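Engineer: Whatever this is, show me its structure:
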Amino acid sequence: MAGFFPRDVVHWADEHLHPLRAFSLRTIELAGLTGVFLRLFRAVLYGTTGGFAFIAGMIFAVVFFCGMLTWHLGNYPLRHWPMRVMGFTFVEVTAELGMSSLLIAFNRERYGSRLATWEDWWSMAGNTAAGRILVIVLYALVLAVVVKLVRRTLDRRTEAVRN
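Structural biologist: You can find the predicted model right below:
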């Protein structure tokens, strides 16, 4: 458990990291990839006609989004999470809106049941930002509480074993 959700800042330059672990330390790349993937996935998902496929796809998107955030936050102590969450949110939303702009330019972005236009971009940006901020803040708070409770439980077990 010591390798996950560290208590202190670790100087990663002193250790040889697996490439996936090194990638998870970078906010811009990880959040940017998440934003691009989610917007492309959404574009593909709006092509499905079935209600079940759409709902399953949206559940997958939320799990993917929260998983990427967890992967990133797992490298840092709890006291660093607020800035990391804000940075991840900003980069993810920016990447997603950039991909949305490209999809609008190529007439592939949907807005409801019709193709999105440049006039729709601001309302889409507001909806995307509000939705992502809501999900990411609530999830990060729940994750922080769970991490704190698990640590407290593990600390009690460690003290009981020592005594």
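
Engineer: What are the boundaries of the helices in the chain?
Structural biologist: Ranges of helices in the chain, per DSSP state H, are 19-24, 27-45, 51-73, 81-105, 121-162.

Engineer: The shortest one - what's its average pLDDT?
Structural biologist: The predicted model assigns helix 19-24 a mean pLDDT of 82.

Engineer: If you count neighbours, what's buried in it?
Structural biologist: Ser24 (16 or more other Cβ atoms under 10 Å). The C-beta positions use only the backbone N, C-alpha and C, and glycine is treated the same way.

Engineer: CA-only coordinates of stretch 91-102 in CSV, if you can.
Structural biologist: This file holds the C-alpha atoms of stretch 91-102, laid out as CSV (Å, rounded to 0.1, in the frame of the first residue of the first chain):
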residue,chain,number,x,y,z
VAL,A,91,-6.5,20.9,-19.1
GLU,A,92,-9.2,18.2,-19.7
VAL,A,93,-11.9,20.7,-20.5
THR,A,94,-9.6,22.7,-22.7
ALA,A,95,-8.6,19.6,-24.7
GLU,A,96,-12.2,18.5,-25.0
LEU,A,97,-13.3,21.9,-26.3
GLY,A,98,-10.4,22.0,-28.7
MET,A,99,-11.4,18.6,-30.1
SER,A,100,-15.0,19.9,-30.2
SER,A,101,-13.8,22.8,-32.3
LEU,A,102,-12.1,20.4,-34.7
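
Engineer: what does that stretch rub up against?
Structural biologist: 27-28, 31-36, 38-40, 65, 109, 116, 121, 124-125, 128-129, 132-133, 136 (Cβ atoms under 8 Å, 6 or more residues apart in numbering).

Engineer: Which helix or strand in the chain has the lowest average pLDDT?
Structural biologist: helix 19-24 (a mean of 82; mean pLDDT, DSSP states H and E).

Engineer: helices and strands around it, which ones?
Structural biologist: helix 27-45 (3 or more Cβ pairs under 8 Å, 6 or more residues apart in numbering; DSSP states H and E).

Engineer: roughly how far out does the helix it packs on sit from the chain middle?
Structural biologist: In terms of Cα atoms, centre = their mean, to the nearest Å, the centre of helix 27-45 is found 9 Å from the chain centre.
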